[in-house]
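In: the following block contains a protein sequence and its predicted model.
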Amino acid sequence: MRLSDYQKKSRATAKYPVIGHGVIYPTLGLVNEAGEVAGKIKKIFRDKDGQISDEAREALKAELGDVLWYVAQTATELGLSLEDIAEANLAKLLDRQARGKIQGDGDNR
């Protein structure tokens, strides 16, 4: 599936309250869902010695789908396309790699 198709189709399911600005609710949802992914990974390492079962993989797939949904809605609220975001991110990473700056910190390395 193309990112643009996902963004358009997922928008039909975007039913949420506008809290001051349309970007607020999906941004908060994104943070919440990302936290759920992190929590599941944490428990895999705490309780399962880092062994990711098929069941855990499917649960993570569902949570990552929720993250994707909220990313798409946040992008839409900002007037951005997922494809533009993906292309810009890849260009940034490839530039860092070419300059030997793929590791380290800071947005402008």
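Out: Perfect, I can see it now. Just so we're clear, the structure is a prediction, and the values are computed from it rather than from any experiment.
In: contacts, neighbours, all on C-alpha from now
Out: Will do.
In: what's the separation between the residue lying closest to S81 once chain neighbours are set aside and F45?
Out: For S81, ignoring the flanking residues on the chain, the nearest one in space by Cα to Cα, 6 or more residues apart in numbering is A75 at 6.3 Å. Distance, A75 to F45, using Cα to Cα, to the nearest Å: 32 Å.
In: now A14: phi and psi?
Out: Taking degrees, to the nearest 10, you get phi -80, psi 90 for the backbone angles of A14.
In: same check on G100?
Out: G100 adopts backbone torsions of phi 70, psi 30, taken as degrees, to the nearest 10.
In: show me what contacts R11?
Out: Taking Cα atoms under 8 Å, 6 or more residues apart in numbering, we find R11 in contact with A72, Q73.
In: where's A34, which helix or strand?
Out: In the assignment (DSSP states H and E), A34 maps to helix 24-47.
In: what's that helix in contact with?
Out: Under Cα under 8 Å, 6+ apart, the answer for helix 24-47 is 16-19, 50-52, 56, 60, 63-64, 66-67, 70-71, 73-74.
In: among those, which are in helices?
Out: Counted as lying in helices by DSSP state H, out of those, are A56, L60, E63, L64, D66, V67, Y70, V71, Q73, T74.
In: what's the neighbour count on the fourth one?
Out: So the one you mean is L64. As a burial measure, L64 scores 16 neighbours (other Cα atoms under 10 Å).
In: cool, and the fifth one?
Out: When neighbours are counted by other Cα under 10 Å, D66 registers 19.
In: how far away is it from I85?
Out: As judged by Cα to Cα, D66 and I85 stand 18 Å apart.
In: also the first one?
Out: Using Cα to Cα, one obtains 29 Å as the distance from A56 to I85.
In: same check, this time on the fourth one
Out: In this view, L64 and I85 are 17 Å apart by Cα to Cα.
In: also the third one?
Out: Using Cα to Cα, one obtains 21 Å as the distance from E63 to I85.
In: which of these two has more neighbours?
Out: More neighbours surround E63 than the other of E63 and I85, with 19 against 12 (other Cα under 10 Å).
In: now for the more buried one: which residues touch it?
Out: Contacts of E63 (Cα under 8 Å, 6+ apart): E33, A34, E36, V37.
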